[in-house]
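[1] Sequence and predicted model, in that order:
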Protein chains: 2
Amino acid sequence: MVAGGWRVELGATVLKDGTQFRVWAPKSKTVNVLILSGKATGTVAMQPEGKGYYSITVPGVADGDRYLYQLDSGRTFPDPVSRYQPDGVHEPSQVVDPEQFLWSEEGWQGIPLEQYRIYEIHVGTFTVEGTFEAVIQHLDYLVELGITALEIMPVSQCPGRRNWGYDGVYHFAPQSNYGGPEGLRRLVNACHRKGLAVVLDVVYNHFGPEGCYLDDFGHYFTDKYRTPWGRAMNLDGADSDPVLEYFLGNAAYWTTEFRFDGLRLDAVDWIFDQTPKPLLRRLADEIHQHRERLGRQLYLFAENDTNDVRLINSPDKCGFGLDAQWCDNFHHALRALLTGEITGYYEDFGQFSQLQKAFEEAFVYTGEYSRYRRRRHGGPTEKHPGSQFVVFSQNHDQVGNRKCGDRLSATLPLNQLLLAAATVILSPYLPLIFMGEEYGERAPFHYFIDHTDPELVELVRKGKHEEHASGICEGDIPDPAAESTFEESVIDVASPKEGEQAVILAFYRKLFALRTALPALQVYQRDAMAVAGLPEQKVLFLR
Amino acid sequence: MVAGGWRVELGATVLKDGTQFRVWAPKSKTVNVLILSGKATGTVAMQPEGKGYYSITVPGVADGDRYLYQLDSGRTFPDPVSRYQPDGVHEPSQVVDPEQFLWSEEGWQGIPLEQYRIYEIHVGTFTVEGTFEAVIQHLDYLVELGITALEIMPVSQCPGRRNWGYDGVYHFAPQSNYGGPEGLRRLVNACHRKGLAVVLDVVYNHFGPEGCYLDDFGHYFTDKYRTPWGRAMNLDGADSDPVLEYFLGNAAYWTTEFRFDGLRLDAVDWIFDQTPKPLLRRLADEIHQHRERLGRQLYLFAENDTNDVRLINSPDKCGFGLDAQWCDNFHHALRALLTGEITGYYEDFGQFSQLQKAFEEAFVYTGEYSRYRRRRHGGPTEKHPGSQFVVFSQNHDQVGNRKCGDRLSATLPLNQLLLAAATVILSPYLPLIFMGEEYGERAPFHYFIDHTDPELVELVRKGKHEEHASGICEGDIPDPAAESTFEESVIDVASPKEGEQAVILAFYRKLFALRTALPALQVYQRDAMAVAGLPEQKVLFLR
């Protein structure tokens, strides 16, 4: 899959005098490629390579031409490894020549992990335009704020125009209404020119519910495991090698053809692979070899719910060797203290000593019984430095999965918002903030979808109602499928900030400046730090 | 669960003046214990302890009394932690006082792992009587053969009287028609008096399909994972702590109340636990602490299909710390060479170089592509000594899962049977032989069941037919539910052996004697051994 200088060896690859098509379709006895536009329109039979792979080079096919695959059932489908779905998940794929883009970030080598100060955005709601291009105009603002890395929620082509990104079904095709591959390359290029690293959120635990035709091609899914979002990926059963290669190739794709500096792996506890060398370990190996080869900083961040340092342990300790992981416990400990919430997973938090433990050990639950989970939870953080944990007081999940998508700014007074900011940004971990947080944006961040299948829409609506049956927010749950729900979530970073918002923004700038300027705030060795707490006064001292 | 000197703290515990009953039944708002026999017959309400546990001490209840639990539905059930089911899986449990048994094996401390020479038996077919007691008369024979450890296929109470043991539903209750707890203790005691260690095969990956009422009590099962034999155990979901404790307590139970020297953990790749400290790791921790505390040798052997040394890696390498694992690859490499079979998993074997690799590295598949599995398979054995791998040319699965349950002796000529024996017994691994193998027993070892539910019986029959659709053996598949199928599998070790059988038996004795006598045959360091092969002559040299 990834050979000869990290080319992705699936999908449509533009060559000198034509385009090579290559697809894994073991369920089909024949595969045709249907060239639908350009100089070479027509149907071409592909050659079987063995093990279910088919390939063919078609002269005359070039960047911009549209195509479909036809399986032995006669049905036609977009390319599972499509680089571009200009008209959405059900329509033809488009040939993309990555060499057409002229990068102008020469000399960019990334930034060290310890310098990551992350700003998470959802492209569709970060600007009124909702495009990659429109993000570029705000990069100076982010640099002035003190951000060093932009983290982009998933951009794999999703059904419709409005989606958080976790319903992606073409993991190589940047969302068309965000601007497709060209737009995304322009954004990454612009970030690098400003000195910003760029991290992409990628979803390797499931595929979205609409527009996924993988089952017609091959054995991508298994019934051995189940995820909350649908069938689990087949990573350790029969015919799993090509599925592994799909994801390994995807990581290589984003870090080479798009020059991303890191990937944030969504909910890795739902990636099931019981082989001695599971997908996560292979991903880390490949990305780190790539790092050596390119002489660029490249990092893998995992989102994970199990409080398990196996993720970031080195392979010689049978760890996966990922670089860092999100630390939800820090968030929960902080938020429960700030807001006094006790519903859902906040039931397990609310003690001052838990925030102290979050500062000392990152994980608050290191084996203790969790009432919310109704079982023991977590393991120790061992010797890992603070730079291997990403912390936040808000993120897309912690805001958007609330009944009314309300940010902290909707309920907390100014001084507590500033306290939350300081706790995260001055922490001995890697800080992440969620778009708009830095000035106390009041717009909610709702959950929204744009599926075309009415039954599916009903299912999502129902699911949201059940999920929030015990929510604390007043009012109806916004309809995830309504355009207005999406529009209410669009934020406005560009307008001049006044009053309280100006105060908050100035404070965030000051905090990031402090973190940059003070050597003491760049110490990540946890045993070099002493944490003392005065629980009654709710004061923590860090030395 | 296991505290205060390793008492099992569930089930019926005989005290000085009565019996304590304790059960985990979070699905029931009330629990009664129904005392059905003895001096204290009657119904007693149990006290809730919190977290779904109920307990009560009932004066006057003693060893031998029968009881049931009554849940809030009004229905009555045997004890999930019953120590004895005298009348089978659907009938009342019986109170057992382990202190009633007088052990006479004082001074027994077990044997070192390196000295394990294992003899696997199925209690029901090892003798005509089919009881624990009847095994005892053959222990001298085993000692003279050169065996040092008896391994007993699972004895948890199963539906009916005929079962391999993997359909067990009361994991603390030794099969009643084998002789129950008293009979099993007598057998272990007798083994120890003869200098034999005893290993029990235990099934922690599923429960049998009949007589399992656990779902009425608590959340023992999960839908997150699936096994080939039914629902997976809930070891990492809500309410999983008591399920873990059930199994940890079970391991403690067999090694304390029954003084087993080791446990063979069945098919651990179907034990799903994604927490940082999974069940297998906890089991190893507990058993090894127990080893220290008692000053006795105690070992955990895993059956596993993934060729993964994480099982036997130490906990500081995030391994589970088990002592040894079965090495199916050695068997497959040997058998495919001897028999030329190419169906099923033998498709992956048949090269002489694979047997050489089995001698060098234990695992033959250390990451290579497997045609049978249609994926890459396995990982390296690293530095682990040969004493951490159990090898065999036959075992209950490799014989009994064949269409006609035929042993190697059914098809191989004498010289090849002797070659198979020598290859296993002189190998740099721990040898295991299957009952009767040592004299070329000709009786098959069939798959047999004795379920009372006719639909279930039909399902099993159907399953066996599908499993063997491509079997190579002539004739009909024996009916698993027929008594004759069981009876055909009963062997005869006691009768004097003549002719070829006498030759084979003498050869096995000689091989075990050689293994005991020659220091070179007790070297397990794999890097101290050189293996050279002459593929054309099919000769291996070991130095």
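    Cool, got the structure.

[2] Quick check: beta-bridge partners of the most centrally placed residue in chain A?
    Centre of chain A computed as the mean C-alpha position; nearest residue by C-alpha atoms, centre = their mean is A:D201, 1.5 Å away. As for beta bridges, A:D201 partners with A:R264 under DSSP bridges.

[3] mind listing what the closest residue to chain B within the stretch 201-350 of chain A touches?
    At 2.8 Å from chain B, A:P276 is the closest residue in the stretch 201-350 of chain A, using C-beta to the nearest C-beta. C-beta here means a position set from N, CA and C on the backbone, and glycine is covered the same way. Applying C-beta atoms under 8 Å, 6 or more residues apart in numbering or on different chains, we find A:P276 in contact with B:T306, B:N307, B:D308, B:V309, B:R310, B:G367, B:G378, B:G379, B:P380.

[4] Take those residues and keep only those in strands.
    Applying DSSP state E to the contacts of A:P276, no entry is found in strands.

[5] Out of those, which is nearest to A:T339?
    Taking C-beta to C-beta as the measure, B:R310 is the one of those closest to A:T339, at 41.2 Å.

[6] what does chain A put close to chain B?
    A:223-226, A:236-241, A:269, A:274-277, A:306-310, A:313, A:316-319, A:367, A:369, A:373-380 (C-beta under 8 Å from any C-beta of the partner chain).

[7] can you tell me the helix or strand for the residue of the stretch 201-350 of chain A closest to chain B?
    Here A:P276 sits in a region with no helix or strand, counting by DSSP states H and E.

[8] Could you do A:R231 as well?
    For A:R231, the enclosing helix or strand under DSSP H and E is strand A:230-233.

[9] then that strand to CSV, C-alphas only?
    The C-alpha coordinates for strand A:230-233 follow below in CSV (Å, rounded to 0.1, in the frame of the first residue of the first chain):
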residue,chain,number,x,y,z
GLY,A,230,-22.3,0.7,13.8
ARG,A,231,-20.4,-2.3,12.8
ALA,A,232,-16.8,-2.5,13.8
MET,A,233,-13.9,-2.6,11.3
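
[10] tell me which residues in whichever helix or strand comes after that strand are buried?
    Next along the chain after strand A:230-233, taking DSSP H and E as the criterion, comes helix A:241-256. Residues of helix A:241-256 classed as buried under the neighbour-count rule (16 or more other C-beta atoms under 10 Å in any protein chain shown) are A:241-256.

[11] Pull the residues that contact the helix or strand containing A:H331.
    Secondary structure from DSSP H and E places A:H331 in helix A:328-339. Outside of helix A:328-339, the residues that reach it under the criterion C-beta under 8 Å, 6+ apart are A:305, A:307, A:341-342, A:345-346, A:348-350, A:352, A:354-355, A:357-358, A:362-365, A:378, A:389, A:391-393, A:395, A:398, A:408, A:411-412, A:416, A:419-420, A:423-424, A:427, A:429, A:538.

[12] and what of stretch A:530-543?
    Contacts for stretch A:530-543 (C-beta under 8 Å, 6+ apart): A:L337, A:F352, A:S353, A:L355, A:Q356, A:F359, A:E360, A:L426, A:P428, A:M529.

[13] One more: stretch A:397-411?
    When contacts are defined by C-beta under 8 Å, 6+ apart, stretch A:397-411 is touched by residues A:164, A:331, A:335, A:338-339, A:392-394, A:416-417, A:420, A:434, A:436-437, A:440-447, A:467-468, A:471-475, A:477-478, A:489, A:504.

[14] Give me the distance between the two termini of it.
    Start and end residues of stretch A:397-411 are separated by 17 Å (C-alpha to C-alpha, to the nearest Å).

[15] residue ranges for the strands of the stretch 51-200 of chain A, please.
    Under the criterion DSSP state E, counting those that start in this stretch, the stretch 51-200 of chain A carries strands at the ranges A:53-59, A:66-71, A:76-77, A:93-94, A:118-121, A:149-152, A:156-157, A:170-174, A:197-202.

[16] so who does the residue nearest to the centre of chain A touch?
    Contact partners of A:D201, counting by C-beta under 8 Å, 6+ apart, are A:E151, A:I152, A:M153, A:P154, A:G165, A:L263, A:R264, A:D266.

[17] about what we covered before: between the contacts of stretch A:530-543, which has the least confident prediction?
    Comparing pLDDT over the contacts of stretch A:530-543 singles out A:M529 as the least confident position, at 75.
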